[in-house]
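K.L.:
show me the folded form of this:
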Amino acid sequence: MAAILIIDDDAELCRLVADYLAMDGYQIDMVHDGVSGLSKAQNGHYQLILLDIMLPGLDGLSLLKALRQQNYCPVLMLTARGDDIDRIIGLELGADDYLAKPFNPRELQARVKAILRRVELTNQDNNQTAQILEINQVKLNPRNLQVQCRHQDVSLTSTEFQLLQMLMRHAGQLVSKEQLSQQVLGRRLQQYDRSLDMHISNIRKKFSQFASDEKIQTLRGSGYLFLRGLN
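P.N.:
Got it, this is the predicted structure:
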C-alpha cells in the first residue's frame, strides 16, 4: 500500500482528493501549511508527495528546494492553470511532474499511478541481475540507484534516473520524446509540455559539475540521444 502525503492549504480539496485516492487503496496523510508539510515530508516514509505551490508559512517552491537537499521522494506539483513560470521553476528544483488546477480526478489518478508504477519498476531493477551501465564516463547502477560521472556521485530524482537509464540503454540511438513521455512519464506527449526538456536540462546541469563535454544531445523536434563518447 503506497503512502501519499498531500500538502495543500485547501482543506476541502484535500479531503476530496484523499477520498478519491483512498478508493485505490492508498494511505493518505494531509498537511495544510508549508512548514508542517516540510517536516512531515522529511520525517515520513512516503512513496509520493502532492505539493501545492501556494502555501502559508512556506511556499511550495521553497519547500521543494529544501526537500531536495536530502530527500528524493517523487513530487507531483499542483499549480494554478496558466502559471507556467512556477511549473518551470518547480521542474528545475526537482519536481517529477505537475498538474494544473482545477484538474479532473481521473487525470490526477492517472498521474499518481504513472509515478508510482515508475518507482516500482525502478525498485524491481534493484537486484543482482540488473545491468550496470557505464558509458561516456557515466556509470548507472540500478542495484542501488546510484549514478556517477567521472567517479563522482550525481544525485538524481526518480524521474531523472529513469530518463537517463532509458537513454543509456539506447546509447548512440535516437530516443523520441514520445517514447520517453510514454515509458517514463506514463502519458502521451502533449503540445507545449516542457517537462521532458526540463528534466533533461536538470541532468545536464548535474553532469556539468564534473564534466565539460556533452553527454546528452538534443535533436530538435525529434528527441534525445546519449553520446557514447570515449571511456
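K.L.:
low-confidence ranges, the protein, go.
P.N.:
For the chain, applying pLDDT under 70 flags the ranges 81-82, 122-129, 230-231.
K.L.:
now the helices: where do they sit in it?
P.N.:
Remark: helices assigned in the chain by DSSP state H are 11-22, 34-43, 60-67, 84-92, 105-124, 158-169, 177-180, 195-208.
K.L.:
for the fourth one, buried residues please.
P.N.:
Neighbour counts using 16 or more other Cβ atoms under 10 Å place 86, 87, 88, 89, 90, 91, 92 of helix 84-92 among the buried residues. Where C-beta positions appear, they are placed from N, C-alpha and C, glycine not excepted.
K.L.:
how about the second one?
P.N.:
Applying a neighbour-count criterion of 16+ other Cβ under 10 Å, one finds 34, 37, 38, 40, 41 buried in helix 34-43.
K.L.:
thought the last one was touching residue 5?
P.N.:
The reference is to residue 41. Yes - under the criterion of Cβ atoms under 8 Å, residue 41 is in contact with residue 5, at a separation of 5.9 Å.
K.L.:
between those two, which contacts overlap?
P.N.:
Common contacts of residue 41 and residue 5, defined by Cβ atoms under 8 Å, 6 or more residues apart in numbering, comprise residue 49.
K.L.:
start to end distance for stretch 115-134?
P.N.:
26 Å (Cα to Cα, to the nearest Å).
K.L.:
relative to residue 172, how far out is the closest residue to residue 115 other than its chain neighbours?
P.N.:
Closest residue in space to residue 115, ignoring its immediate chain neighbours: residue 74 at 5.0 Å, by Cβ to Cβ, 6 or more residues apart in numbering. Relative to residue 172, residue 74 is positioned 29 Å away (Cβ to Cβ, to the nearest Å).
K.L.:
show me the contacts for residue 219.
P.N.:
174, 225.
K.L.:
so it bridges to which residues?
P.N.:
Per DSSP bridges, the residues bridged to residue 219 are residue 223.
K.L.:
per-domain residue ranges of the protein.
P.N.:
3-123, 127-226 (automatic domain parsing).
K.L.:
one step back: next up, the contacts around the residue nearest to residue 115.
P.N.:
47, 48, 49, 96, 115, 116, 118, 119, 157, 158, 159.
K.L.:
ok, the fifth one touching residue 48?
P.N.:
Yes - using Cβ under 8 Å, residue 115 makes contact with residue 48 at a distance of 5.8 Å.
K.L.:
between the two, which contacts overlap?
P.N.:
74, 76.
K.L.:
tell me which of the helices of the chain is the most buried.
P.N.:
Among these, helix 158-169 has the highest mean neighbour count (mean count of other Cβ atoms under 10 Å), at a mean of 22.
K.L.:
now the residue nearest to residue 115. Its backbone dihedrals?
P.N.:
phi -60, psi 140 (degrees, to the nearest 10).
K.L.:
could you find the closest non-adjacent residue to residue 194?
P.N.:
Spatially, and ignoring its direct neighbours in sequence, residue 194 is nearest to residue 88 (6.6 Å; Cβ to Cβ, 6+ apart).
K.L.:
where's that neighbour relative to residue 210, distance?
P.N.:
Distance, residue 88 to residue 210, using Cβ to Cβ: 25 Å.
K.L.:
also residue 5?
P.N.:
33 Å.
K.L.:
the closest residue to residue 148 other than its chain neighbours: what's it in contact with?
P.N.:
Excluding the flanking residues, the one nearest residue 148 by Cβ to Cβ, 6+ apart is residue 139, at 4.5 Å. Contact analysis of residue 139 by Cβ under 8 Å, 6+ apart lists 132, 133, 146, 147, 148, 149, 151.
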